[in-house]
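Visitor: Provided below for reference: sequence and predicted model.
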Amino acid sequence: MYPNAPSLPGTTYYFSIGSVEAFERKLDDAQKELGIPSTERIPVAYHDEISLMNTLLHFAPTLLLAGALFYITRRAGGAAGSQIFGIGKSKAKLFNQETEVKVKFKDVAGMDEAKEEIMEFVKFLKDPTAYERLGAKIPKGAILSGPPGTGKTLLAKATAGEAGVPFLSVSGSEFVEMFVGVGPSRVRDLFANAKKHAPCIIFVDEIDAIGKSRGKIGQFGGNDERESTLNQLLVEMDGFGSSEHVVVLAGTNRPDVLDPALMRPGRFDRHISIDKPDIKGRSAIFKVHLKPIKTGENINNLSNRLAALTPGFSGADIANVCNEAALIAARYQKDSVTEEHFEQAIDRVVAGLERKSRVLSPEEKKTVAYHEAGHAVAGWFLEHADPLLKVTIIPRGVAALGYAQYLPKDQYLYSTAQLLDRMCMTLGGRVSEQIFFNIITTGAHDDLQRVTKLAYAQVTTYGMNPNVGPLSFNSPNDNEPQFQKPYSEETAKMIDEEVRKLVASAYERTVKLLTDKKNDVEKVAQLLLSKEVLNRDDMISLLGKRPFVEKNNYEEYFNPKENTPPPPSAEQSQSSSNA
């Protein structure tokens, strides 16, 4: 770069420097050492250049952090509307005329009283003036309670389909999240949204998730967030007037754990209990579920028979039976679903999957046959025992090596004689093993548990023992721990002794009965070993008809005539006899 150095004219050199001040200082020093006059100094021009790659590398950590936060915010499932700032918003789903619900009241059967109560809410919201002109006020809320599978949520869906007004549905577990204060905020947002859409119905499914009784001093298991959510719900329900036409429905299968402040009039005014259907209700439910099934059977007759075969079934159980029957028919590539397929489906729901692959030894199979024959014969000759429908020694489920199916009627009151006959019938299998083989096996384990439980109930709950007296002690549930018995040690000894006497007397009575009917037990057991399944007709051909008048409408339901209306239910027959 020296002026006298050979170079091309007009040559310009480009290079990068780190610091302008340091470069100028070093350049001046170098030119002074070379003796270059100031007028001939090398001209220097500066040009700022920014590298895009260097800039990106400089800001890369910040961009990655911001992108990660944005992605987490968009993907967060607990945030309403996929925005972290909307986490306090209600997650209730809105149903209206645009989002039509296909379930209607005609799809709900077996709960006429509950359906009528709910329909009254719908009628009020559709035409409130018809009630208000008489001075009536719509109840602010209703609790739908009952065992699982009885149709509480289905009734709410039908309400949404029939109401013709906005319907907000939310689960009780959706109120509480990991952040403090989210629950009360969502309750406030839910009711604010309902007031905007009034007249409106709010349905809170499984309200026991937030509505449990608040903890008392000295109790464990408090939950401040859940209690704050409950407090906000109490304020909101009692904070708006009925003129706003907002109704709150809630479903639960544990009404006993709900807070008393939630259940009082002014919040949930009506308590609608939905129990398992009786035989008439089961028949109506079967008719609903049989409509889409392709079958050549008479729907009325088939529904009546299936209703009699399924005592104690809930609506969900009945829907499962119909679906299982269709699956069984499809498995065997049948063109339609027959009555046999429905009976197989009932067996599967009651006793489990048939285990044909489980091979029993001849000794075990013989023991099971005589065990089941003992049950069948004992029940056949006991007046208050339920009539036998079918007995089989085909293994089913996990542990059942055989089982007997009975036809109990819908009954709500039991006498001492009826309970004693049930105990004797349950002990029939154990007694039969003792009479024919003089051995004791583990096959009667479940029978002995049921007999013991029933005996303790008679002594401690129903007050049926003369020595203990007409006392009733609350017996804890199987899932609830009991830290202290509600009676003294002396009373406990007396109860144990009376239970032992009661079971022993039932056992002796069963031994006497089956000893007298030993030939009948032998005939039933031998036929079971050859056929593996016996029905009621087989029992009649072996033992003759039962020596008692059947107190259930067996013949009317199992041998119906064409176009014959179903017989009255047990409740109707009892009411007519009382009249």
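Guide: Yep, it's here.

Visitor: The helix or strand harbouring Asp496 packs against which elements?
Guide: Element membership of Asp496 [criterion: DSSP states H and E] is helix 489-516. Packing partners of helix 489-516 (3 or more Cβ pairs under 8 Å, 6 or more residues apart in numbering; DSSP states H and E): helix 362-380, helix 416-437, helix 445-456. Heads up, the C-betas are built off the backbone N, CA and C, glycines and all.

Visitor: now that helix against helix 362-380, angle please.
Guide: 100 degrees (axes from the mean of the first three to the mean of the last three Cα atoms, to 10 degrees).

Visitor: which one of the helices and strands packed on helix 489-516 lies closest to Pro128?
Guide: Among these, helix 416-437 comes nearest to Pro128, with 50.5 Å by Cβ to Cβ.

Visitor: Buried ones in that closest one, by neighbour count?
Guide: Using 16 or more other Cβ atoms under 10 Å as the test for burial, helix 416-437 gives 419-436.

Visitor: Please apply the same query to stretch 379-397.
Guide: Neighbour counts using 16+ other Cβ under 10 Å place 379-382, 384-396 of stretch 379-397 among the buried residues.

Visitor: Contact partners for Leu454?
Guide: Contact analysis of Leu454 by Cβ atoms under 8 Å, 6 or more residues apart in numbering lists Leu419, Arg422, Met423, Thr426.

Visitor: of all these, which comes closest to Asp278?
Guide: Of these, the one sitting nearest to Asp278 (Cβ to Cβ) turns out to be Arg422, at 20.0 Å.

Visitor: so what's the closest one up against?
Guide: Applying Cβ under 8 Å, 6+ apart to Arg422 gives the contacts His384, Ala385, Leu454.

Visitor: now do Ala376
Guide: Leu388, Val391, Ala404, Gly428, Val524, Leu534, Met539.

Visitor: Give the closest residue to the second one in space, chain neighbours not counted.
Guide: Using Cβ to Cβ, 6 or more residues apart in numbering and skipping the chain neighbours, the partner closest in space to Val391 is Ala404 (4.2 Å).

Visitor: likewise the fourth one?
Guide: If the residues on either side of it in the chain are set aside, Gly428 comes closest to Ala378, at 3.2 Å by Cβ to Cβ, 6+ apart.

Visitor: My guess is that neighbour contacts Lys512. True?
Guide: No. Using Cβ atoms under 8 Å, Ala378 is not in contact with Lys512; the gap is 10.9 Å.

Visitor: of the two, who's got more company?
Guide: Legend: neighbour count by other Cβ atoms under 10 Å for Ala378 and Lys512, higher for Ala378 (25 against 12).

Visitor: Mind pulling the model confidence for the more buried one?
Guide: Looking at Ala378, its pLDDT is 93.

Visitor: show me where pLDDT drops low in the stretch 151-300 of the chain?
Guide: The stretch 151-300 of the chain contains residues with pLDDT under 70 at 215-223, 239-244.

Visitor: Mind doing that once more with 90?
Guide: Residue ranges of the stretch 151-300 of the chain with pLDDT under 90: 153-154, 156-202, 205-206, 208-248, 253-271, 278-280, 295-298.

Visitor: What are the boundaries of the strands in it?
Guide: Ranges of strands in the stretch 151-300 of the chain, per DSSP state E, counting those that start in this stretch, are 167-171, 200-205, 246-252, 270-273.

Visitor: and the ones you listed as JSON lines, adding mean neighbour count and distance to Ala351?
Guide: Shown next, in JSON lines, are these (neighbours: other Cβ atoms under 10 Å; distance: least, Cβ to Cβ, whole Å):
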{"stretch": "strand 167-171", "mean neighbour count": "21", "distance to Ala351": "34"}
{"stretch": "strand 200-205", "mean neighbour count": "24", "distance to Ala351": "31"}
{"stretch": "strand 246-252", "mean neighbour count": "25", "distance to Ala351": "30"}
{"stretch": "strand 270-273", "mean neighbour count": "16", "distance to Ala351": "30"}
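
Visitor: Distance-wise, check Gly35 relative to Glu24.
Guide: 19 Å (Cβ to Cβ, to the nearest Å).

Visitor: Looking at those two, which is more packed in?
Guide: Neighbours per residue, other Cβ under 10 Å: of Gly35 and Glu24, the larger number sits with Glu24, 13 against 6.

Visitor: In terms of helices and strands, where is that one?
Guide: helix 20-33.

Visitor: Buried ones in that helix, by neighbour count?
Guide: So for helix 20-33, counting by 16+ other Cβ under 10 Å, buried means Gln31.

Visitor: At the geometric centre of this protein, which residue do we find?
Guide: Pro148 (4.8 Å; Cα atoms, centre = their mean).

Visitor: what sits against that residue?
Guide: Contacts of Pro148 were listed using Cβ under 8 Å, 6+ apart, and they are Asn253, Ser314, Ala316.

Visitor: Kindly give a single PyMOL line that selects the buried subset of those residues.
Guide: Applying 16+ other Cβ under 10 Å to the contacts of Pro148 leaves a buried subset, and the PyMOL line that selects it is:
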select buried, resi 314
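
Visitor: a markdown table please, covering the contacts of Pro148 and showing distance to Ala136.
Guide: As requested, the contacts of Pro148 are arranged in a markdown table below (distance: Cβ to Cβ, whole Å):
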| residue | distance to Ala136 |
| --- | --- |
| Asn253 | 31 |
| Ser314 | 34 |
| Ala316 | 35 |
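
Visitor: Between the contacts of Pro148, which sits nearest Asp107?
Guide: Out of the contacts of Pro148, the member with the shortest distance to Asp107 (by Cβ to Cβ) is Ala316, at 13.9 Å.

Visitor: My assumption is that that closest one lies in a strand; please confirm.
Guide: No. Counting by DSSP: H, G, I helix; E, B strand; the rest coil, Ala316 is not part of a strand but helix.

Visitor: got a list of what the residue lying closest to it once chain neighbours are set aside touches?
Guide: Closest residue in space to Ala316, ignoring its immediate chain neighbours: Gly149 at 3.2 Å, by Cβ to Cβ, 6+ apart. The contact partners of Gly149, by Cβ under 8 Å, 6+ apart, come to Ser314, Gly315, Ala316, Asp317.

Visitor: Let me see the contact set for Leu528.
Guide: Applying Cβ under 8 Å, 6+ apart to Leu528 gives the contacts Ala369, Glu372, Ala373, Val391, Thr392, Ile393, Leu534.

Visitor: how does it look with 10 Å?
Guide: By Cβ atoms under 10 Å, 6 or more residues apart in numbering, the contact set of Leu528 is 365-366, 368-373, 376, 391-393, 402, 534, 538.

Visitor: most surrounded residue in the residues you listed?
Guide: Top of the contacts of Leu528 by neighbour count (other Cβ under 10 Å): Ala373, with 30 neighbours.

Visitor: out of the contacts of Ala376, which are inside strands?
Guide: Leu388, Val391, Ala404, Leu534 (DSSP state E).

Visitor: What ranges does the stretch 51-200 of the chain have for its helices?
Guide: Here the stretch 51-200 of the chain has its helices, by DSSP state H, counting those that start in this stretch, at 52-75, 112-126, 129-132, 152-163, 182-196.

Visitor: Between those, which one is closest to Ile293.
Guide: Nearest of those (Cβ to Cβ): helix 152-163, 18.4 Å.

Visitor: Can you mark which positions in the closest one are buried?
Guide: Within helix 152-163, the residues that count as buried by 16+ other Cβ under 10 Å are Lys152, Thr153, Leu154, Leu155, Ala156, Lys157, Ala158, Thr159, Ala160, Gly161, Glu162, Ala163.

Visitor: Now do that helix and strand 200-205, the angle between them.
Guide: Relative orientation of helix 152-163 and strand 200-205, computed by the same axes, to 10 degrees: 170 degrees.

Visitor: what's the angle between helix 152-163 and strand 167-171?
Guide: For helix 152-163 against strand 167-171, the angle between stretch directions is 160 degrees (the same axes, to 10 degrees).

Visitor: picking up where we left off before, reformat the contacts of Ala376 as CSV; add pLDDT.
Guide: Conversion of the contacts of Ala376 to CSV gives the following (pLDDT from 0 to 100):
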residue, pLDDT
Leu388, 84
Val391, 89
Ala404, 83
Gly428, 94
Val524, 93
Leu534, 90
Met539, 90
